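*Asks:* The following comprises the amino acid sequence and a computationally predicted model.
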Amino acid sequence: MRASIFAFFALGAFTQSATAANFRTWYPEYGSIFQSALETHCSAEYEAWTAGLPALPEDYAANGTTSSGQAVVQCILSSTSEFMKANMASAAVLLGIMPFALSVLGSSSEESALLYVIGRRPILTTLLLAGAPVVVALRPFEYKDPVGILRAREGRFYSFNMGPSWVVLALEYLVALASVANVVHVTYGLGVGVTTMILPDSSYLPGVWAGTGILVHIIGALCLKSRLRLLTPKNESLVKSELTLSADKNITVETVPETKRFLALSWLTSTSTTFHVIFGTLAFSSMQFISVRDAFGVIGRYTASVTICRVVLMYELSGLRSSVESSNSVIPSLDDGQDPVDGLKAGPRVFTFAP
């Protein structure tokens, strides 16, 4: 959990540093035009922004700008053709629907929590969350059966032999690190290359979106942890657990009755997923100084990282799923044909995950 919290703050702080480079780096298609307008027509506004001076009162009366950053944006836009403005508006639409589209491709907080709590692989989970900082919207008070997610069902990913365990482990970490590097680079690029109209003086909104995505998954892991109790292994070190594939683990988990803490965390998780998608839509749809062509590149890079991290997570969960299927002590969950009346009975249930 500490690793996930560190990744959340590190990503946000890294993107905040992009503010110092704002209005200096542009996306390639229109970059030269924006730079020429800044040097030719907007040098006074830019110097006031770099010096931290406020916008002049007459600027607000003339065009509604209330800060030096807004004055720079207004000046550049006034020197831009209508065709470029229409192109940037189309790019903003594409970027605005990106958070929702990625939420369809990404992993839910329930799935990532399984790898963290049951699989006990916090470092890999943190890397996957940082490499795919998206969330799937959940309905309040409809938290799924934590072990029922691992049930065999048509269309779910199944584990297959990819070679020796150390090769698979190395490949997982390599792919996850590459995804993290890609997300950090593209998020930083947005921070220095575009301007959000809701906060034109700052460049940290893309980083906040990525960081809060990790935070939502952390809350989901805490929610699942309040519903389960690990019985075995009792003395296994966290390092050994981290370096062991989920398919090779031998774990016994006991579910506990729902508590007020679980209900509160469940509601907080589901509500946070919705607000994260809304916040991402608001932040990305307000971006300026990026063309449609460049926006496709940004969307493609985010999509690649989300898809790759999703594959790695599903591979690990498939290992837990195969363990569930090979165990004789697993009690069917409610959504797998359990008697609805029995499903309402309170009391702990024991699940064994054995290779």
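*Replies:* Arrived safely, thanks for sending.

*Asks:* name the element residue 182 belongs to?
*Replies:* Residue 182 belongs to helix 165-193 when assigned by DSSP states H and E.

*Asks:* on contacts alone, who are the packing partners of that helix?
*Replies:* In this structure, helix 165-193 packs against helix 2-16, helix 122-131, helix 205-225, helix 292-326, with contacts taken as 3 or more CB pairs under 8 Å, 6 or more residues apart in numbering; DSSP states H and E. C-beta coordinates here come from the backbone N, C-alpha and C atoms, glycine included.

*Asks:* Include mean pLDDT when you put these into CSV, please.
*Replies:* Converted to CSV, the helices and strands packed on helix 165-193 look like this (pLDDT from 0 to 100):
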stretch, mean pLDDT
helix 2-16, 52
helix 122-131, 93
helix 205-225, 89
helix 292-326, 87
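
*Asks:* With mean neighbour count and distance to residue 38 as extra columns, can I get the ones you listed in CSV?
*Replies:* Formatted as CSV, the helices and strands packed on helix 165-193 follow (neighbours: other CB atoms under 10 Å; distance: least, CB to CB, whole Å):
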stretch, mean neighbour count, distance to residue 38
helix 2-16, 17, 22
helix 122-131, 25, 33
helix 205-225, 24, 21
helix 292-326, 20, 18
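
*Asks:* nearest to residue 274, of those helices?
*Replies:* Taking CB to CB, helix 205-225 is the member of the helices and strands packed on helix 165-193 nearest to residue 274, at 10.0 Å.

*Asks:* following the closest one, which helix or strand comes up?
*Replies:* Next element after helix 205-225 (DSSP H and E): strand 228-232.

*Asks:* any idea which helix or strand comes after that next one?
*Replies:* helix 238-242.

*Asks:* could you point out which element follows that next one?
*Replies:* Heading C-terminal from helix 238-242 (DSSP H and E), you reach strand 251-255.

*Asks:* what pairs with that following strand, and is each one parallel or antiparallel?
*Replies:* Strand 251-255 has the following sheet partners, assigned by DSSP bridges: strand 228-232 (antiparallel), strand 349-353 (antiparallel).

*Asks:* Turn the helices and strands packed on helix 165-193 into CSV, columns for distance to residue 49.
*Replies:* Formatted as CSV, the helices and strands packed on helix 165-193 follow (distance: least, CB to CB, whole Å):
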stretch, distance to residue 49
helix 2-16, 17
helix 122-131, 31
helix 205-225, 17
helix 292-326, 23
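
*Asks:* Tell me which of those lies nearest to residue 86.
*Replies:* Short answer: helix 292-326, nearest of the helices and strands packed on helix 165-193 by CB to CB, at 9.8 Å.

*Asks:* and the closest one, what other elements does it pack with?
*Replies:* helix 28-40, helix 82-105, helix 109-117, helix 122-131, helix 165-193, strand 349-353.

*Asks:* ok and it relative to helix 205-225, angle-wise?
*Replies:* 10 degrees (axes from the mean of the first three to the mean of the last three CA atoms, to 10 degrees).

*Asks:* next one: helix 292-326 to chain centre, how far?
*Replies:* In this view, helix 292-326 has its centroid 11 Å away from the chain centroid, taken as CA atoms, centre = their mean, to the nearest Å.

*Asks:* Out of the helices and strands packed on helix 165-193, which gets nearest to residue 80?
*Replies:* Nearest to residue 80, of these and by CB to CB, is helix 292-326 at 14.9 Å.

*Asks:* Next, the angle helix 28-40 makes with the closest one.
*Replies:* 130 degrees.

*Asks:* any idea of the angle helix 292-326 forms with helix 122-131?
*Replies:* Going by the same axes, to 10 degrees, helix 292-326 makes 150 degrees with helix 122-131.

*Asks:* Residue 42: which of the helices and strands packed on helix 165-193 is closest?
*Replies:* Across those, closest to residue 42 is helix 292-326 (CB to CB), at 21.1 Å.

*Asks:* ok, back up a step: could you provide the helices and strands packed on helix 292-326 in JSON lines, with additional columns for distance to residue 253?
*Replies:* Below are the helices and strands packed on helix 292-326 laid out as JSON lines (distance: least, CB to CB, whole Å):
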{"stretch": "helix 28-40", "distance to residue 253": "51"}
{"stretch": "helix 82-105", "distance to residue 253": "28"}
{"stretch": "helix 109-117", "distance to residue 253": "9"}
{"stretch": "helix 122-131", "distance to residue 253": "16"}
{"stretch": "helix 165-193", "distance to residue 253": "22"}
{"stretch": "strand 349-353", "distance to residue 253": "5"}
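
*Asks:* re the thing from before, just tell me which of the helices and strands packed on helix 165-193 ends up closest to residue 102.
*Replies:* helix 292-326 (5.3 Å).

*Asks:* Out of the helices and strands packed on helix 165-193, flag the one nearest residue 114.
*Replies:* helix 292-326 (6.0 Å).

*Asks:* That closest one to helix 165-193, inter-axis angle?
*Replies:* 150 degrees.

*Asks:* hang on, isn't residue 33 packed against residue 80?
*Replies:* Yes: if you go by CB atoms under 8 Å, residue 33 and residue 80 touch, sitting 7.3 Å apart.

*Asks:* quick one, which of the helices and strands packed on helix 292-326 is nearest to residue 250?
*Replies:* So among the helices and strands packed on helix 292-326, strand 349-353 is nearest, using CB to CB, at 6.9 Å.
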